[in-house]
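[1] Curious how this folds, go ahead:
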Amino acid sequence: MRPISLTMQAFGSYGHKTTVDFTVTRQNLFLVTGDTGAGKTTIFDAIVFALYGEASSVSNKKDGTELQSQYVDFDVEPFVELTFTESEGGEEASYTVRRVPRHLRPAKRKGAKDQSISESVSLIMPDGTEYPQKETDSKLEEVVGLTKGQFMQVAMIAQGEFMELLRARSDEKKIIFRKLFATELYQKIVDELFTRRKGKLEEISRIRTTCQANAKLVSVPDSLPVSAELSELKEGITSSERLNVSEMERFLELLKELCELLAEKHEAIQKSYDVLSSERDKIRDALTEGQTVSVSFSQLEEASAALLECEAEKAQIEESKNLISLIKGAYEIKAEFTRVCDQERVISDTEKTLAELDAKLPKLDEAVAASSKAEAEALEKASKETRNHAKVDEKVKKALELFHNIALAEEALTEAGKTCTEAEKSHEQAKKALAELEQKESSWRTAETLLSDTPQKKAIWESKNRELQALHSDHEELIKTSSEVDAQRSNVEAARINYGKAREKYNLHNEEYITKQNSFLDAQAGFIAREKLKPGSPCPVCGSLEHPSPCRLSDEHRELTREIIDALSRDNDKLREAMEKASTEAATAENSLKEKNVIFEAAKEKLLKKIKELFPEISVETSVEAAMEKLELWEQDFSREGEELSTQLKTLEETRKNLSDASALKPRLQAKADDALNMLTESKTDIAAKKQALDSFTSQKEFDTEDAAKETLSAAELTKDRAEALAKEAKTAAENARAEKEGTSARIEQLREDLPKQQTELSTRIEGYRKLMAEKKLSEEEWKSTTESHPQSEAERLQTVIDAFNRKRAAAEAQIKNARAAIGDKVKPDLEALKLAYDQQEEKLKAEKTSLDALNDDLKINRKAYDALAPKMEERSSVMKEFNRIDSLYNRLGGKVTGGRMDIETFVQRYYLERILYAANARFQDMSAGQYELRMTDDEQAGAGKNRGLDLMVYSTVTGKVREIRTLSGGESFMAALSLALGMADQIQESSAAINLDVMFIDEGFGSLDDHSRDQAIKVLQQMASGSKLIGIISHVSELKQEIDDQLQVSKDENGSHIRWQIS
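    Residues are numbered from 1 along each chain as shown. Model prediction:
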């Protein structure tokens, strides 16, 4: 990046439009000189503002209305325009960026407040096109290859801030170097390890939860050898926040043993249940057989009683049979008698009808003759009226057609009049619409002019809104991180409590162990001595020949044995291991809390810094919540501004659409007016023609009105219809008379044929009746007496009684036979005793079944729990191995190890820093006359305590010692910072083809140097300027004017700042 020209207007101290042409210098090293406050630094503020939207100083940020000049009226628009080149593919590409800061513009109405105008920016690309405004800032950063903070460290060292990078902490340098040397990959590696480590921790937690859930399902019955210990382990596992592996392994071991014990118990109870079930089945079979025999005895008794009843009813049944025969015979004779009577009535009816028809026939002949004559007369009259109607119909049709033509002509004349009226109205409306459209078009063009800059304002607003939403997302993430810190703090407290309990338990047990061990050893030594003491023999301990007071064992410790002491020792070791493990867990939790706190503080600082950078108009304190509250208040106005811009943008779109529609509509409206005028002329001509046609039709009328013609036709139709109806009625009457005569004659003939046959049938029926009485041996008086005394249904009723009697006797005989066969030689059983024995056995079986089911449920549940827990423990072991591997790698590469706090990214950046220092020291040694050399913190100190891998030290060749960089004087610090900046520029140019920094600006600092150091510094800069790098120095030191030929002289008067080049 190399600046070509810079134009400023109403910017800072530059009121009127001022252009700085950087191509006029003959050398690449030039001096910006002028009095204090003349506007020298403003030039560099303008360059940085054009690129990044802020002035150059990091500690004294200025943007917006602070940059608007006070030396011109507010109606002069402030702006900065920078043209610069960038090497792309070996060729120089030219970019022009123009940025207008947020500023105030005088209100158009008198007395109103000044209007605040938002910042805007435009970027003209090398091909002459304008880059999309909302993406311009990111594109500029991409082209330059540096953020503002990085640009200020390596390309433009602001006044009073040249020590920033020199004294920056390693973490701050790491962020700068990350972008410059593309080392973010290594941080991503650490982040990925952290994510995987967190995932494994969650997986371990999930396994713990699963194990606890399955452990809760375990059912531990009482009175088993493992019940007490297993219940205690279950309680401990399910209530603990951590999964104790040794307890879990013991729990599984006891659970497996419990399942085996339950299986044995289940088998024993199953055998007992099978024995009881077999005994119950035998009793049930005996009960079933007894019930069957008992039923047979009951059936035998019932059948015998029924058979006795049948014998008593036998005589009555015989009488009923005889009566049935009498009733059936009488009713058969009655039926035959009825047939004889029916035939006599038929013959009487036939003779009567025949006499009536013979008397009716002469009258029917007279009716036929009269109806035929009436029919002929009616047909003649109908024919006459039909002919008359045809004539009238033809005449009326012609009249109606004429009336129709007259109506059409009148309708056409009316429509022509309407068309003429509508044509006049359309012509007036078209002229009026055209005038209104022209008036609206003028109004829309005015509105479009006023709203033309709305899209740019809306784009700026949307860009800032995205930054605002990003801030809210960061805030939500910060809240989440805060919750994680609180949760981890609780974990730390729990771990401390757990450690305290483990330590207390260990101390108590250890004290007991030491006491009993000492007592055991003392007692053991005394016992050996006492056993070997004999009068006159030397004591194995002291050698004395006399033994007045041999050792006596204490009753309290007499039971102590080596096995007891060894068991206490093993328990003591376990408690010590548990205490050490709890201590490790507490330390791990503490480290995790510190790590989360660091992440939280970094995120908090980043969020506050981002708020300050993005929204400098909001005063931000150290509290995030206070800052977010202020931001929310500011956001309300900001949202309203966005809504207003959206409304204005919508209005602009509608206005432009209206203008576009108006341009297309105007020719159509003019054509419509012309068409309406033509239609009016044609309508008037058409009216005259249609009036002439109407007069011609009116002169041809035969009827006065159309209704009169229709009434004449209706009358003729009515007369015709009446005549036809009378003819039809006469025809029907004649046909009916002829048909009735013919039917009567045929009926007489048929009756005369039927009468002899009917008399023969009567004789046959009388003969049959008499024959049946003889066959049944009943006289007419006897059968009539029987039918009167007994209804015919009585025979059926009596037969039903007889059939029931026969079935009852047969069933009783069969039942007696079957019962005797079933009973055989058996005696009647005692059912109550059998039922009691069965119920007692069934109760025993149910009780055993309940125990068996409960035991079976416990066994199934516990086996299921064991089958679920065993593989989970294996899975946990695998996950723990993976976690330990990732955790170790993360701690090492992330700088989380005590004594090794330098992370991998810092380690890689030390390679670049070493190369930077190599280039920087070449300049620093020249400037300091070989006295000083910049060095990195050595490897041992780089990771001790905290990450100091990028911290700088200074080596003095005079004393031969290394000391802190902060111990340098002001002049020495300036030379060191300048050397470091130059070294970074060299390394950037060498390592990154995407960053081409052909510029460096230095604001002040030379005043702190003595003559020799200043000469050396200028000499170094002149050597750099001999290449392609453009170097500008701001200084009021008069000696520099003698050493630098090309000078940009800055002065200021009542009209603001002015510049002038002085070229050698």
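[2] Now do the longest helix seen in the chain: which elements does it pack against?
    Using DSSP state H to define each element, the chain has its longest helix at helix 314-450. If contacts are counted by 3 or more C-beta pairs under 8 Å, 6 or more residues apart in numbering; DSSP states H and E, helix 314-450 sits against helix 624-698, helix 706-776, helix 780-789, helix 793-823. Just so you know, the C-beta spots here come from the backbone N, C-alpha and C atoms, and that holds for glycine as well.
[3] Identify the residues contacting residue 935.
    917, 952, 953, 954, 955, 962 (C-beta atoms under 8 Å, 6 or more residues apart in numbering).
[4] likewise residue 263?
    Counting by C-beta under 8 Å, 6+ apart, residue 263 has contacts residue 859.
[5] What separation do you get for it and residue 866?
    Going from residue 263 to residue 866 by C-beta to C-beta, to the nearest Å gives 12 Å.
[6] For the stretch 101-250 of the chain, which segments are assigned as strands?
    103-105, 115-117, 120-124, 156-157 (DSSP state E, counting those that start in this stretch).
[7] just these: most buried one?
    Highest mean neighbour count of these: strand 156-157, a mean of 24 (counted as mean count of other C-beta atoms under 10 Å).
[8] hang on, the earlier thing: check which helices and strands the helix or strand following the longest helix of the chain is in contact with.
    In the C-terminal direction, the helix or strand that comes right after helix 314-450 (DSSP states H and E) is helix 454-532. Here helix 454-532 touches strand 120-124, helix 562-614, helix 624-698, going by 3+ C-beta pairs under 8 Å, 6+ apart.
[9] Report the angle between helix 454-532 and strand 120-124.
    100 degrees (axes from the mean of the first three to the mean of the last three C-alpha atoms, to 10 degrees).
[10] Next, the angle helix 562-614 makes with helix 454-532.
    160 degrees.
[11] Let me see the mean pLDDT of helix 454-532.
    Average pLDDT, helix 454-532: 78.
[12] got it, and stretch 582-597?
    Mean predicted lDDT for stretch 582-597 stands at 78.
[13] Repeat that for stretch 667-683.
    Mean predicted lDDT for stretch 667-683 stands at 76.
[14] Give me the neighbour count for residue 759.
    With neighbours defined by other C-beta atoms under 10 Å, the count for residue 759 comes to 14.
[15] start at 464 instead
    Sure, I'll start numbering at 464, so the last one becomes residue 1222.
[16] who touches it in this structure?
    Contacts of residue 1222 (C-beta under 8 Å, 6+ apart): residue 810.
[17] run the last query once more with 10 Å
    Listed by C-beta atoms under 10 Å, 6 or more residues apart in numbering, the contact partners of residue 1222 are 806, 807, 809, 810, 813.
[18] of those, buried ones?
    806, 810, 813 (16 or more other C-beta atoms under 10 Å).
[19] got these as JSON lines, with distance to residue 1201 and pLDDT columns?
    Putting those into JSON lines (distance: C-beta to C-beta, whole Å; pLDDT from 0 to 100) gives the following:
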{"residue": "806", "distance to residue 1201": "36", "pLDDT": "82"}
{"residue": "810", "distance to residue 1201": "32", "pLDDT": "85"}
{"residue": "813", "distance to residue 1201": "26", "pLDDT": "85"}
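[20] What is the nearest of those residues to residue 528?
    When the buried ones among the contacts of residue 1222 are ranked by distance to residue 528 (C-beta to C-beta), residue 813 comes first, at 136.1 Å.
[21] I figured that closest one was touching residue 1221, is that so?
    Yes: Residue 813 lies in contact with residue 1221 (C-beta atoms under 10 Å); the separation is 6.2 Å.
[22] joint contacts of those two?
    residue 1214.
[23] could you give me the average pLDDT of the helix or strand containing residue 753?
    According to DSSP H and E, residue 753 maps onto helix 708-775. In this model, helix 708-775 has an average pLDDT of 81.
[24] any idea how the protein splits into domains?
    464-618+1460-1527, 792-895+1173-1238, 1366-1455 (automatic domain parsing).
[25] one step back: what would the strands of the stretch 564-713 of the chain look like in a markdown table with mean pLDDT and distance to residue 690?
    Output for the strands of the stretch 564-713 of the chain, formatted as a markdown table (pLDDT from 0 to 100; distance: least, C-beta to C-beta, whole Å):
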| stretch | mean pLDDT | distance to residue 690 |
| --- | --- | --- |
| strand 566-568 | 86 | 85 |
| strand 578-580 | 85 | 81 |
| strand 583-587 | 93 | 80 |
| strand 619-620 | 71 | 80 |
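[26] who wins for proximity to residue 465 among these?
    That would be strand 619-620 among the strands of the stretch 564-713 of the chain, by C-beta to C-beta, at 13.1 Å.
[27] which residues are contacting stretch 863-878?
    By C-beta under 10 Å, 6+ apart, stretch 863-878 touches 1146, 1149-1161, 1163-1166, 1168-1170, 1172-1173, 1176.
[28] Could you rerun that using 6 Å?
    Here stretch 863-878 makes contact (C-beta atoms under 6 Å, 6 or more residues apart in numbering) with 1153, 1154, 1156, 1157, 1160, 1163, 1169, 1172.
[29] Now do the buried residues in that stretch.
    865, 866, 868, 869, 872, 873, 875, 876.
[30] for stretch 789-802, same thing?
    789, 790, 792, 793, 794, 795, 796, 799, 800.
[31] Would you mind measuring from the third one to residue 1407?
    When you say that, I think you mean residue 792. Using C-beta to C-beta, one gets 141 Å for the distance from residue 792 to residue 1407.
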